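Just the structure for this:
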Amino acid sequence: MTGSDPRPQPVIPLLPGLDASAIDTSVPHPARMYDYFLGGHDNYEVDRDAAEHVIAVVPEVRAMVRENRAFLGRSVRFLAEQGIRQFLDIGTGIPGPGNTGDVAHAVTPDAQVVYVDNDPIVIAHANALLAGHDPKHSSVIHADLRDPESVLRHPRTNAVLDFDQPVAILLVAVLHFIEDDDDPAAIVDRLKQVMTPGSFLVVSHGTSDIDPQRAAEAVHTYNKGGARIVARTGAQIRGWFDGLELVDPGLVQLPLWRPDGEVPGDISDIWWYGGVARKD
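As a prediction, this is how the structure comes out:
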């Protein structure tokens, strides 16, 4: 596996107020595993080991995360083309090419973006990404989706975003890390409360619908590594959009959401749904 991986550990430039002890390298972290699945280098041996165990059971996972990154890009581009200028990206993960700001600014250079994550490594890399950016237009905050008030009431969130104007709230590949005991529906409902008419909600999420047996095996393997994940049904995921209007084509497997080109004939190995909905 990765026990003899010769790569050096990443050197992380921490933000003021965060020290090295804030980074727990004894257990895998979803954002760092995701980075590894995408072929990145901002991860630790513990993350690589856990990710390789998942790959051994579900080799399709790499295709899934690539499709998710592509869905993020298409959805952000669509929203920017609809006139959205404000983006709240919660659970942003380690920024890479095609991140929310890159895509939004390619369409509208004055887009305002707040990145949110609960991993100090993500915060450090997002901060480095934003070096030289106007803090009135881009910011990164250390907060946890399980406490939506910590996101919505954060001073830097409110310095960048005006919730009296339309905003896109992105929950891309993050809600499946929220366990049922933490009440993801209540979390999403709280976020929807700050959405003024014309705002959008974006969600992508792993599902148990497409291949229930293998999805259960994947969840079991993932959770054994210490990072927790929950696969949910399309009906459960669709419920989070209640009160909003799903834009075409609705809640669908990721490759089917407004593809840039022809969709491959067999997408049965992409066990994720994605959808975008508007508040009228």
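
Now do the same contact list for Ala104.
Residues in contact with Ala104, defined by Cβ atoms under 8 Å, 6 or more residues apart in numbering, are 76-77, 79-80, 87, 111, 113. In this view, the C-beta of every residue, glycine as well, is placed from N, C-alpha and C.

how about a cut-off of 7 Å?
76, 80, 87, 111, 113 (Cβ atoms under 7 Å, 6 or more residues apart in numbering).

Same question for His137.
When the contact criterion is Cβ under 7 Å, 6+ apart, the partners of His137 are 112, 160.

switch the cut-off to 10 Å
85-86, 101, 105, 109-114, 130, 159-160 (Cβ atoms under 10 Å, 6 or more residues apart in numbering).

Just the buried ones from those residues?
Among those, those classed as buried by neighbour count (16 or more other Cβ atoms under 10 Å) are 85-86, 101, 105, 111-114, 130, 160.

Any regions of this structure where pLDDT drops low?
Low-confidence segments of the chain, defined by pLDDT under 70: 1-24, 225-227.

so what's the residue most central in space within it bridging to?
Against the mean C-alpha coordinate of the chain, by Cα atoms, centre = their mean, the closest residue is Val172 at 3.5 Å. Val172 has these beta-bridge partners by DSSP bridges: Ser204.

From what I see, it and Leu145 are in contact.
No: with contacts counted by Cβ atoms under 10 Å, Val172 stays clear of Leu145, the gap being 11.6 Å.

Now for the two: what residues contact both?
Joint contacts of Val172 and Leu145 (Cβ under 10 Å, 6+ apart) are 90-91.

Make sure I have this right: Gln165 is in a helix.
No: under DSSP: H, G, I helix; E, B strand; the rest coil, Gln165 falls outside any helix and is assigned coil.

Could you list which of the contacts of His137 belong to strands?
Those of the contacts of His137 mapping onto strands are 86, 112-114, per DSSP state E.

Now flag whichever of the residues you listed is closest to Asp134.
Gln112 (9.3 Å; Cβ to Cβ).

Now for the closest one: which residues touch it?
By Cβ under 10 Å, 6+ apart, Gln112 lies in contact with 85-88, 101, 104, 134, 136-139, 159-162, 165, 167.

How about Pro197?
The contact partners of Pro197, by Cβ under 10 Å, 6+ apart, come to 166, 278-280.

what about the helices in the chain?
30-37, 45-57, 61-81, 100-107, 120-129, 148-152, 155-160, 184-193, 212-224, 234-239 (DSSP state H).

and the third one, C-alpha only, in CSV?
Backbone C-alpha positions of helix 61-81 (Å, rounded to 0.1, in the frame of the first residue of the first chain) are rendered in CSV as follows:
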residue,chain,number,x,y,z
VAL,A,61,-14.0,6.1,-6.4
ARG,A,62,-11.4,8.0,-8.5
ALA,A,63,-13.9,8.4,-11.4
MET,A,64,-16.5,9.5,-8.9
VAL,A,65,-14.4,12.3,-7.4
ARG,A,66,-13.4,13.5,-10.9
GLU,A,67,-17.0,13.6,-11.9
ASN,A,68,-17.8,15.6,-8.8
ARG,A,69,-15.0,18.1,-9.5
ALA,A,70,-16.5,18.5,-13.0
PHE,A,71,-20.0,18.9,-11.6
LEU,A,72,-18.7,21.7,-9.4
GLY,A,73,-17.2,23.5,-12.4
ARG,A,74,-20.3,23.2,-14.5
SER,A,75,-22.7,24.3,-11.7
VAL,A,76,-20.6,27.3,-10.8
ARG,A,77,-20.3,28.4,-14.4
PHE,A,78,-24.0,28.0,-14.8
LEU,A,79,-24.7,30.1,-11.8
ALA,A,80,-22.3,32.8,-12.8
GLU,A,81,-24.0,32.9,-16.2
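
what about it, distance to the chain center?
Counting by Cα atoms, centre = their mean, to the nearest Å, helix 61-81 is centred 10 Å from the centre of its parent chain.
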